[in-house]
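**Student:** Following is a predicted model, sequence given first.
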Amino acid sequence: MSGWNPPPAPGGPPPGGYGYGAPGPIPYAPPPPRRSSGTGLIIGLLAGGFVLLVFIVLVVVVVIGANASHTISTPSTAGGMSRDYATESRISAQLASQRSIIRRATNYRISNVKSAVYESGSDKYLFVGGTGDFDPDDLTSMFRRAVDQETGSNVSTSVIPLANAGGDGEAVCATVRNRQTSLSTYSTAICAWATGSSFGTLMPVPDSSSLTTSRSYLFSTVADVMRRMRDDVES
């Protein structure tokens with residue numbers, strides 16, 4: 001029949017095609033994901049790298065400090081005291097004894113041994129020190145053995161480790177007590193420090209040429225003098 005078109009098949013396009021008719025709802029499309037900035041990551045990496053760098057520097061400084069190589073000298077003044085050349089020339093026996101102690105205490109590994117007497121008023125101290133390759137952890141046991149071997153049977157000794165060495169390394173003092181008569185005794189002390197590369201001893205100069213002295217000294221007094229002297233005789 002003229003002018004008549006058959007109805008569209010079920011499911012087919014609407015009359016007039018898809019280009020005609022009321023528009024349907026537009027499907028929702030989510031926005032593209034936001035690109036995260038890499039600034040935070042970069043800052044985090046930089047901060048972590050800085051902390052690691054600081055840690056490495058600290059470790060290097062500690063290792064270098066622990067393995068620092070020291071030298072020993074005998075300047076004209078040390079610890080606020082002046083060098084006493086006259087006394088040095090008359091105490092050969094004590095000097096030999098103290099050199100023997102320091103050689104035994106280092107298992108004969110000490111070299112470049114130097115000695116000097118320093119005085120302040122009536123106080124006089126003999127310093128003996130040198131350099132080498134040492135283990136400061138062995139100081140207490142080795143020093144105790146060395147002092148015991150050097151002193152006689154009428155002398156009693158005891159070794160006291162020091163918490164403050166006056167610098168790096170370890171330090172000890174040995175008290176030395178000698179009975180003059182059955183009713184009186186006197187005591188003195190010899191103190192020492194050791195690092196990985198230096199070793200030093202200090203002892204009051206006796207009134208005579210023997211190891212001990214008739215004037216008593218506390219080990220704490222000798223230890224204080226040793227700490228003051230270290231900056232001047234060790235570098």
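**Tutor:** Received, thanks.

**Student:** Show me what the helix or strand that contains Gly130 packs onto, helices and strands only.
**Tutor:** In this structure, Gly130 is located in strand 123-131 according to DSSP states H and E. If you count contacts as 3 or more CB pairs under 8 Å, 6 or more residues apart in numbering; DSSP states H and E, strand 123-131 packs onto helix 92-105, strand 111-120, strand 198-204, helix 219-233. Glycine gets a C-beta too; all of them are placed from N, C-alpha and C.

**Student:** Need the winner for burial among the ones you listed.
**Tutor:** The highest average neighbour count among the helices and strands packed on strand 123-131, using mean count of other CB atoms under 10 Å, belongs to strand 198-204 at a mean of 26.

**Student:** And that strand, what does it pack against?
**Tutor:** Other elements packing on strand 198-204 under the criterion 3+ CB pairs under 8 Å, 6+ apart are helix 92-105, strand 123-131, strand 185-194, helix 219-233.

**Student:** Out of these, the one nearest Arg83 is which?
**Tutor:** strand 123-131 (9.5 Å; CB to CB).

**Student:** Show me the contact partners of that closest one.
**Tutor:** 70-72, 74, 78, 81, 84, 87, 91, 94-95, 98-99, 102, 106, 110-119, 197-205, 222, 225, 229, 233-234 (CB atoms under 8 Å, 6 or more residues apart in numbering).

**Student:** Recalculate using a threshold of 6 Å.
**Tutor:** 72, 87, 98-99, 102, 110-113, 115-118, 197-205, 225 (CB atoms under 6 Å, 6 or more residues apart in numbering).

**Student:** Can you give me the buried ones in the helix or strand following that strand?
**Tutor:** Next in sequence after strand 123-131, counting helices and strands by DSSP H and E, comes helix 139-150. By neighbour count on 16 or more other CB atoms under 10 Å, the buried set for helix 139-150 is 139-140, 142-144, 146-147, 150.

**Student:** With stretch 124-132 instead?
**Tutor:** Applying 16+ other CB under 10 Å to stretch 124-132 flags 124-132 as buried.

**Student:** Then stretch 160-168?
**Tutor:** 162, 165-166, 168.

**Student:** got the end-to-end distance for it?
**Tutor:** 18 Å (CA to CA, to the nearest Å).

**Student:** one step back: with mean pLDDT as extra columns, can I get the helices and strands packed on strand 123-131 in a markdown table?
**Tutor:** Output for the helices and strands packed on strand 123-131, formatted as a markdown table (pLDDT from 0 to 100):
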| stretch | mean pLDDT |
| --- | --- |
| helix 92-105 | 93 |
| strand 111-120 | 95 |
| strand 198-204 | 96 |
| helix 219-233 | 96 |
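
**Student:** May I see the ones you listed organised as TSV, with distance to Ser187 added?
**Tutor:** Converted to TSV, the helices and strands packed on strand 123-131 look like this (distance: least, CB to CB, whole Å):
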stretch	distance to Ser187
helix 92-105	16
strand 111-120	20
strand 198-204	11
helix 219-233	9
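
**Student:** Relative to Ile190, which of the ones you listed is closest?
**Tutor:** Going by CB to CB, the one of the helices and strands packed on strand 123-131 nearest Ile190 is strand 198-204, 4.1 Å.

**Student:** so is the residue nearest to Asp148 when sequence neighbours are not counted in a helix, a strand, or just coil?
**Tutor:** Nearest non-adjacent residue to Asp148, counting by CB to CB, 6 or more residues apart in numbering: Thr157, 6.0 Å away. Secondary structure, DSSP: H, G, I helix; E, B strand; the rest coil: Thr157 is strand.
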